[in-house]
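Chemist: need a 3D model of the sequence below.
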Amino acid sequence: AIQVYHRALEISPDDASTHNNLGNALKQQGRLERAIQAYHRATEINPDYVKAYNNLGLALQKQGELEEAVQAYHRALEISSNDANIYNNLGNVLQEQGKLELAIQAYRCATEINPNYPQAYNNLGNIFRQQDRSEEAIQAYQQAIGIDAGDAEAHGNLGNLLRELGRLEPAIQAYRKVLSINPNTVATHYMLAKTKEHGSYDHEVCAMEALLENPSITNLEKVDLYFALGKAFEDLTMYERAFNFFSIGNKTIRGTIEYDISQDEDFFKRLMNTFSKPLLDRYSGCGFDDDTPIFILGMPRSGTSLVEQILSSHNKVYGAGELYDLQQVILTSNPKGTHHKFPDHLDQLNRNEFAQLGINYVERLRRYSHHAYHIIDKIPANFLYIGMIKLILPNAKVIHCQRNPIDTCLSCFKNRFALGHRFSYNLQELGKYYQLYKQLMSHWNDVLPDYIFHFQYEDLIADQEKQTRLLLEYCGLEWEESCLLFHQTERLVRTMSSLQVRRPLYSDSVGLWRKYEGQLQLLISMLTATE
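Modeler: Model prediction:
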């Protein structure tokens, strides 16, 4: 097609339509720079060419040139202000820029022009979900489905939101609706398997097994199926088959990523060398004295989501979930002109700079809630930064979640993480990483005695009220009965534990590793050496 358009342009070089079509053909091949040039030429020849401006916007957005894409859409709308499709495209790029309110306005314009536009309602739902405006998101998804009952994407998005809210039965129905529209949607098979309790070896398990044999399924999709089938067979107490699927899933992912645990060893060593007692004493009291943040941290799968749900059930606490703000603030702490990576540059910071980092962090945190007395940042890997937290936010609360080491590592191995956690896809590397984590936590306890509140998952299971009281007392919060009834608190939970925090406390997962004892001997010996 591209050659045909080039020949046509040799005959008629000023044909805007041909330049636009050439752009489309180039864009389809991923040749975005050339496509953008073709669209520009089309709009130079015909400055009122709405389609070319819209296509230009799409190509620029794909290229990551977001501001230029916005300008292209605005130009298209100046010429034709009644085009719902362009408003929807504009909304997409504004959403990518994080300009959520402007994106909402654009999507609303799209639905006003065309009330039967399911994609725009679906996009609205996605933004409302991002903003924790759950009921509005549900309504938007339902409007999309009302227009097109076969909109699998809207059913899937609705299912994910309902799951995050703990409304599991309607979520399961939504997932089943997706699969009735497209039985090969692997992501939905995965979400359904993670949401339902498998009481029997049913047609949904068989469908996943059959999909593994489907030649159109990618290796990445197979990974989802391996973990989903592992979960299904664990529910069915068929532990050997479950472990087999978990192992294949982990091995497949491990084969696609580069990871060298010696780099983690080096980083942990540098943290312990840098955050010495003399350094912490020297900068003591120099941070920002705000006590808004509560950090909940530890190994992944150690009970952090549960502790967040308990505390978020208190009327003075807002659980913001897994945030990357602390890491981003720390990354900005490198003094200009230095090439040292964190933490090697710390001795070049002055006392005011530590305070400023604390202020920057709290400002970012306040975006999640303007009114809550405390805001929770629950990213487990913040255990790496406890020394830095102490320096920039000396009055922050730090809660370290612990659980039986073998149960913790097994739970990591059984779950496919969305990103990071590269150490978790091989049992030996997982065991080694756990040893590093224990060494670092021991270091923090030595250099920051009495600073960290250690919370043991099994103690909570054994005596919920006592441990909940201790937790609230540490945070300076008065007793509220709602913290015992945490499973009734409806808030969005986007972590892997979104289902577990919807149930009253249960002991099923305590000692679950014994079901897999035969397969975990190497891990057990490594972890026993750590204790």
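
Chemist: buried sites along the helix or strand hosting Asp224?
Modeler: Assigned by DSSP states H and E, Asp224 belongs to helix 219-235. Within helix 219-235, the residues that count as buried by 16 or more other Cβ atoms under 10 Å are 221-235. Heads up, the C-betas are built off the backbone N, CA and C, glycines and all.

Chemist: do the same with stretch 340-347
Modeler: For stretch 340-347, the neighbour count (16+ other Cβ under 10 Å) marks Phe342, Pro343, Leu346 as buried.

Chemist: which of the residues you listed sits closest to Ile330?
Modeler: Of all those, Phe342 has the smallest distance to Ile330: 5.6 Å, by Cβ to Cβ.

Chemist: and for the closest one, nearest residue in space, chain neighbours not counted?
Modeler: Nearest residue to Phe342, sequence neighbours excluded (Cβ to Cβ, 6 or more residues apart in numbering): Ile330, at 5.6 Å.

Chemist: so which strand or helix has the one you found?
Modeler: If you go by DSSP H and E, Ile330 is part of helix 325-331.

Chemist: roughly how far is the following helix or strand past that helix from the heart of the chain?
Modeler: Sequence-wise, the next helix or strand downstream of helix 325-331 (DSSP H and E) is helix 351-366. Relative to its chain's centre, helix 351-366 lies at 24 Å (Cα atoms, centre = their mean, to the nearest Å).

Chemist: does Cys401 count as helix, strand or coil?
Modeler: Under the three-state scheme (DSSP: H, G, I helix; E, B strand; the rest coil), Cys401 adopts strand.

Chemist: in contact with it, which residues?
Modeler: Counting by Cβ atoms under 8 Å, 6 or more residues apart in numbering, Cys401 makes contact with Ile296, Leu297, Gly298, Met299, Ser302, Gly303, Thr304, Val307, Pro380, Phe455, Tyr457.

Chemist: phi first, then psi, for the fifth one.
Modeler: Backbone geometry at Ser302, expressed as degrees, to the nearest 10, gives phi -110, psi 10.

Chemist: so His421 touches Cys412, yeah?
Modeler: Yes - the pair His421 and Cys412 qualifies as a contact (Cβ atoms under 8 Å) at a distance of 6.9 Å.

Chemist: where do the contact lists of the two overlap?
Modeler: The contact sets of His421 and Cys412 overlap at Pro300 (Cβ under 8 Å, 6+ apart).

Chemist: more crowded one of those two?
Modeler: Set His421 next to Cys412 and count neighbours by other Cβ atoms under 10 Å: Cys412 wins out with 23 against 19.

Chemist: in what element of secondary structure is the more buried one found?
Modeler: Using DSSP H and E, Cys412 falls in helix 405-413.

Chemist: the inter-axis angle of that helix versus helix 219-235?
Modeler: Here helix 405-413 runs at an angle of 140 degrees relative to helix 219-235 (axes from the mean of the first three to the mean of the last three Cα atoms, to 10 degrees).

Chemist: any stretches of the stretch 351-500 of the chain with poor pLDDT?
Modeler: Filtered on pLDDT under 70, the stretch 351-500 of the chain yields the residue ranges 490-500.

Chemist: please apply the same query to the chain.
Modeler: Scanning the chain with the threshold set as pLDDT under 70 gives 335-339, 490-502, 530-531.

Chemist: list the contacts of stretch 354-374.
Modeler: Applying Cβ under 8 Å, 6+ apart, the set of residues contacting stretch 354-374 is 283, 286-288, 290-294, 311, 316-318, 320, 323, 325-326, 328-330, 332-333, 375, 377, 391-393, 397, 475, 477.

Chemist: for this structure, which helix is longest?
Modeler: helix 427-447 (DSSP state H).

Chemist: which strands or helices does that helix pack on?
Modeler: If contacts are counted by 3 or more Cβ pairs under 8 Å, 6 or more residues apart in numbering; DSSP states H and E, helix 427-447 sits against helix 261-274, helix 277-282, helix 386-392, helix 405-413, helix 521-530.

Chemist: give me the most central residue, the chain.
Modeler: Ala418 (6.5 Å; Cα atoms, centre = their mean).

Chemist: out of the contacts of stretch 354-374, which are buried?
Modeler: The neighbour count (16+ other Cβ under 10 Å) marks 283, 286-288, 290-294, 311, 317-318, 320, 323, 325-326, 329-330, 333, 375, 377, 391-393, 397, 475, 477 as buried among the contacts of stretch 354-374.

Chemist: strands of the protein, start to end?
Modeler: 293-298, 317-319, 374-377, 397-402, 453-456 (DSSP state E).

Chemist: can I get the ones you listed in TSV with distance to His74?
Modeler: Shown next, in TSV, are these (distance: least, Cβ to Cβ, whole Å):
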stretch	distance to His74
strand 293-298	39
strand 317-319	36
strand 374-377	36
strand 397-402	46
strand 453-456	52
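
Chemist: for Ala25, find the nearest of these.
Modeler: For the strands of the chain, the distance to Ala25 is smallest for strand 374-377, at 47.7 Å, taking Cβ to Cβ.

Chemist: straight-line length of stretch 141-160, end to end?
Modeler: One end of stretch 141-160 to the other measures 11 Å (Cα to Cα, to the nearest Å).

Chemist: contact partners of that stretch?
Modeler: 116-119, 121-122, 125-126, 129, 138, 161, 171-175, 177-178, 181-182, 185, 187-188, 191.

Chemist: just the buried ones from those, in ChimeraX syntax?
Modeler: Buried members of the contacts of stretch 141-160, defined by 16+ other Cβ under 10 Å, are picked up in ChimeraX with:
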select :117,118,119,121,122,125,126,129,138,161,171,172,174,175,177,178,181,185,188,191
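
Chemist: ok, Glu96 - contacts?
Modeler: Going by Cβ under 8 Å, 6+ apart, Glu96 touches Gln61, Leu66.

Chemist: grab the nearest non-local neighbour of Asn123.
Modeler: Closest residue in space to Asn123, ignoring its immediate chain neighbours: Tyr107 at 5.3 Å, by Cβ to Cβ, 6+ apart.

Chemist: just to check, that neighbour is in contact with Asn89?
Modeler: No - contact between Tyr107 and Asn89 fails when scored by Cβ under 8 Å: they sit 10.4 Å apart.

Chemist: out of those two, which sits in the more crowded spot?
Modeler: With neighbours defined as other Cβ under 10 Å, Tyr107 and Asn89 compare such that Tyr107 has more, 29 against 23.

Chemist: so what's the more buried one up against?
Modeler: Going by Cβ under 8 Å, 6+ apart, Tyr107 touches Tyr87, Asn88, Gly91, Ala120, Tyr121, Asn123, Leu124, Ile127.

Chemist: tell me which other helices or strands the helix holding Ile330 touches.
Modeler: Using 3+ Cβ pairs under 8 Å, 6+ apart, helix 325-331 sits against helix 351-366, helix 386-392.

Chemist: ranking those helices by burial, who's on top?
Modeler: Burial of those is given as mean neighbour count (mean count of other Cβ atoms under 10 Å); helix 386-392 ranks first at a mean of 25.

Chemist: touching it from outside, list them.
Modeler: With contacts defined as Cβ under 8 Å, 6+ apart, helix 386-392 is touched by 271, 274-275, 280, 283, 286-288, 295, 297, 326, 329-330, 342-343, 346, 354-355, 357-358, 361, 382, 396, 398, 444, 447-448, 451-452.

Chemist: now do that helix: distance to the chain's middle.
Modeler: Centroid displacement of helix 386-392 relative to its chain, using Cα atoms, centre = their mean, is 24 Å.

Chemist: got the CA coordinates for it in CSV?
Modeler: This file holds the C-alpha atoms of helix 386-392, laid out as CSV (Å, rounded to 0.1, in the frame of the first residue of the first chain):
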residue,chain,number,x,y,z
ILE,A,386,13.7,2.8,57.0
GLY,A,387,16.9,4.7,57.7
MET,A,388,15.9,7.4,55.2
ILE,A,389,12.4,7.6,56.7
LYS,A,390,13.9,8.2,60.1
LEU,A,391,16.1,11.1,58.7
ILE,A,392,13.4,12.9,56.7
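
Chemist: fine, thanks again, bye for now.
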